[in-house]
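> what's the 3D shape of this:
(one chain, ligands or ions: 1)
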Amino acid sequence: MNALLSVEELDVHHGLLHAVRSVSLAVAEGERLALVGANGAGKTTLLRSVAGAKQATHGNVRLDGEVITALPAHRRVRLGIALVPEGRKLFPDLTVEENLLVATRHRRAGPWTVDGVLDVFPMLRKLRSRRASTLSGGEQQATAIGRALMTNPRLLLLDEVSLGLAPLAVDAVYECLATLLAEGATVVLVEQDLTRALQVADRVVCLLEGRVVLDAPAADVSREQVTEAYFGLPGRTV
Ligand SMILES: Nc1ncnc2c1ncn2[C@@H]1O[C@H](COP(=O)(O)OP(=O)(O)OP(=O)(O)O)[C@@H](O)[C@H]1O
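Here you go, the predicted structure:
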């Protein structure tokens, strides 16, 4: 497989805490990988290390075969890695449009414009001039994903897009994501909702206490197998 992203024996620490333990995985161009695991399994830490927001202590991250492990986050954005962080992290006093434009500072060359984002997320069109702090959770999430798209990513890292959203808002965000996925976006998705993760993904990787305990095509694993891996129960698929 010609991997767009390769993670090789990656270790990441928070002080003394060994949060990501010798994790290896690869994501091909156009692939949708769901990264699942219980709270504290290391999913966010792994995504942040791929994005350059957290330095790894050992191992490598490669984009298109090039080692990028030591590059700062803004250089990785220019290479095409965009992170939609847990909690969305918008600028609350800026408008939707301004939040989108902030992302253009270090971006990779490419086609995305504010209007392009508003086409994918029609719910934002009438909110273009509204301050982010006045938006609903779903609207904020759409803005955060739009901000990532404005960098013209080759690889989109989505951390818990449904967290804290009402079910209808989750549906709306996923409906918009479906448009992107249909266009062949390469995505790593951290998602607590296993049903949704398995629906969206081609492949599922499960982390348990920082280690990969399952890495399989989504079509080849049952919900039960993923749940067993998730909780570290015997009989899990590795
Ligand atoms: N900034 C930090 N400082 C210290 N410890 C941290 C920090 N961020 C995460 N951790 C710890 O690292 C471990 C992995 O956390 P991480 O957030 O990566 O897990 P997660 O799988 O994304 O879980 P969640 O679903 O709760 O976000 C946990 O034990 C967590 O408490």
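
> buried sites along stretch 15-26?
18, 19, 20, 21, 23, 25, 26 (16 or more other C-beta atoms under 10 Å). C-beta coordinates here come from the backbone N, C-alpha and C atoms, glycine included.

> Where does the residue lying closest to the second one once chain neighbours are set aside fall, secondary structure wise?
On the basis of C-beta to C-beta, 6 or more residues apart in numbering, the spatially nearest residue to residue 19 that is not a chain neighbour turns out to be residue 45, at 4.3 Å. When secondary structure is defined using DSSP states H and E, the element that contains residue 45 is helix 43-51.

> Are that helix and the ligand in contact anywhere?
Yes. Helix 43-51 is in contact with the ligand by C-beta under 6 Å from any ligand atom, via 43, 44, 45.

> Just the terminal-to-terminal distance for stretch 113-127.
16 Å (C-alpha to C-alpha, to the nearest Å).

> And the contacts of that stretch?
96-97, 100-101, 128, 135, 138-139, 142-143, 145-146, 149-150, 172, 176, 179-180 (C-beta atoms under 8 Å, 6 or more residues apart in numbering).

> out of the residues you listed, which are buried?
96-97, 100, 135, 138-139, 142-143, 145-146, 149-150, 172, 176, 180.

> Tell me which entries of these lie within helices.
96-97, 100, 138-139, 142-143, 145-146, 149, 172, 176, 180 (DSSP state H).

> Which of those sits closest to the ligand?
residue 145 (18.0 Å; C-beta to the nearest ligand atom).

> follow-up on the earlier one: put the buried members of the residues of helix 43-51 next to the ligand into a PyMOL selection.
Filtering the residues of helix 43-51 next to the ligand down to the buried ones (16+ other C-beta under 10 Å) takes a single PyMOL command:
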select buried, resi 43+44+45
